[in-house]
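Peer 1: Give the three-dimensional model of this entry:
(one chain, ligands or ions: 2)
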Amino acid sequence: MRNIILDTDIGVDDAFALAYAARTQRLLGITTVFGNVTVEQAVKNARLFCQKMQIDAPIFRGCSRPLAQAPTSPAALVHGSDGLGGVFANPFNGEADNAVDFIIRSVNAHPGEITLVAIGPLTNIASAINQAPEIIARVKEIVIMGGAFGTQGHAGNVTPFSEFNIWKDPHAADQVLSSALPIVLMPLDVTHQVLIGGEAIRALQQPVLEAISRSYLDYSLKKERFEGMALHDTLTISWLVNPAWFGCVRSPLRVITEGIASGQTQRQLTNLASRHNAFADCTEQRICLEVDAEAVKHHFLTTLRGA
Ligand code: RIB
Ligand code: CA
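Peer 2: Ligands and ions are numbered 1, 2, ... in the order given. Alright, predicted model coming up:
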C-alpha cells in the first residue's frame, strides 16, 4: 500500500481510478487540473464523487490552463457536460487550496515516501518541479497515464499522433517526461488492452459508477460499436497493486510540442551517435507496453464489486 497523491482532471475513467485507489492505497490528497473538464469543475467533481463514494481525502485546486499553448475545450462529448456523465446535481463550489503547493509541501515533508499518480495533463507536475526542483529526487515514484507509441496500432486518441493528457499540455509533458523524476508511463498501448463492458460495470452493483459511466458507454457504442470503456487511468493504480502484471521497456522520453504531431511521445529507438540527440540529457524511464489484461481486470472488478 503506497502513500499517494492523485493528480486528476476527474472525468469518468478518473473516477473509476479514484474509487480503486481509495480501496487499495493510502490516499493523502487529490490535486485537480484542467483537462476533461475545467479545473473548477474538477474540484466540484472530486468533492461530489468523494461524498457519494465515502472517500475521505483533502482536495486541492491546480492549474487552469497549459504552460505555454492556448487552452483547448474540455472533453464533454466523452465524459458528459460536467465530466461525470451529467447525472448528479453538484452542490459544491470549485474553490480549494493550491494543488502545486500541496504537492511540493508533501514531498518535501516526506522524502522518498510519496508516490505521485498523474492521470490528467501534466501541468501541475511540471509547475511543481519548476518551482521546487529539489522534489525530483524526493518523489518515491510517479506513475503517469499518458502517451502512445503505436504498438498494436495504438498511436493516439485525440489526433492520429497523440494521446489526450499529453496533447492537452505538450510543454508540461516534455518537461516532466524528460526530467529525472522516477517515472512509470502507462500509455494507450496498454490501456487500450484493458476494456470493460457495460455488463461488467452493472455487475459491480455500484450505482454511482454505473450512473456516471452511462454517457461514456453510449458514446463508445456509437463511436466504436462497443458498449464499454478502456480503463485508462485505473492502470496507474494497477501498477501499484502489482507491477508484475506489466511488461516495460526502458528509454529516455521526449514530447513533440508543435506541428501536426504536437503531443506525440517519443522513445529512443536508435543508439546512433548524433550531435543532435534530443535524448542526450534525459533519464531512462519505464514505459509499460505489455499487460496481463485479464489479471488487471479481475482484480479491479473484484475490488470494486458490492457495497
Ligand atoms: O487518453 C486517456 C486520458 O484522457 C484519460 O486520463 C482520460 O481521463 C482522459 O483524460
Ligand atoms: Ca484523466
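Peer 1: Going by C-alpha atoms from here, please, whenever you check contacts or count neighbours.
Peer 2: Fine.
Peer 1: Show me which positions of stretch 61-74 end up buried.
Peer 2: The neighbour-count check on stretch 61-74 (16 or more other CA atoms under 10 Å) flags 61-67, 74 as buried.
Peer 1: Please read the previous query as pertaining to stretch 179-198.
Peer 2: Neighbour counts over stretch 179-198 (16+ other CA under 10 Å) mark 179-196, 198 as buried.
Peer 1: Same question for stretch 105-116.
Peer 2: Quick answer for stretch 105-116 (16+ other CA under 10 Å): 106-108, 113-116.
Peer 1: Can you list which of the buried residues of stretch 179-198 are found in helices?
Peer 2: Judged by DSSP state H, helices contain the following of the buried residues of stretch 179-198: 188-191, 198.
Peer 1: Tell me which two in the residues you listed are the farthest apart.
Peer 2: Farthest pair in these (CA to CA) is D189 and G198. Separation: 22.0 Å.
Peer 1: Which elements pack onto the helix or strand of the chain at the bottom of the mean pLDDT ranking?
Peer 2: Using mean pLDDT, DSSP states H and E, helix 76-79 stands out as the lowest-scoring helix or strand of the chain, at a mean of 80. Helix 76-79 is packed against helix 207-224, with contacts defined by 3 or more CA pairs under 8 Å, 6 or more residues apart in numbering; DSSP states H and E.
Peer 1: Give me the contact list for the helix it packs on.
Peer 2: 12, 15-16, 52-53, 77-80, 84-87, 198, 201-202, 226-229 (CA atoms under 8 Å, 6 or more residues apart in numbering).
Peer 1: returning to what we had before: same list (the ones in helices among the buried residues of stretch 179-198) but as a markdown table, adding pLDDT and distance to ligand 2.
Peer 2: Conversion of those to a markdown table gives the following (pLDDT from 0 to 100; distance: CA to the ion, whole Å):
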| residue | pLDDT | distance to ligand 2 |
| --- | --- | --- |
| L188 | 97 | 12 |
| D189 | 98 | 16 |
| V190 | 98 | 15 |
| T191 | 97 | 12 |
| G198 | 93 | 20 |
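Peer 1: Dump the buried residues of stretch 61-74 to CSV, plus distance to A278.
Peer 2: Listed next are the buried residues of stretch 61-74 as CSV, based on distance: CA to CA, whole Å:
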residue, distance to A278
R61, 33
G62, 30
C63, 28
S64, 29
R65, 26
P66, 22
L67, 21
P74, 31
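Peer 1: how about I142, secondary structure?
Peer 2: Here I142 is strand, with the state taken from DSSP: H, G, I helix; E, B strand; the rest coil.
Peer 1: If it is in a bridge, with which residues?
Peer 2: L116, I183 (DSSP bridges).
Peer 1: Show me where this protein has its helices.
Peer 2: Assigned by DSSP H, the chain shows helices spanning 12-24, 39-52, 76-79, 99-109, 123-131, 164-168, 170-177, 188-191, 198-203, 207-224, 234-241, 293-304.
Peer 1: ok, now which ones touch the residue positioned nearest the centre of the chain?
Peer 2: What sits nearest the mean C-alpha location of the chain, by CA atoms, centre = their mean, is I119, with 1.3 Å. Taking CA under 8 Å, 6+ apart, we find I119 in contact with 6-9, 14, 144-146, 165, 233, 236.
Peer 1: Fine by me, we can end here.
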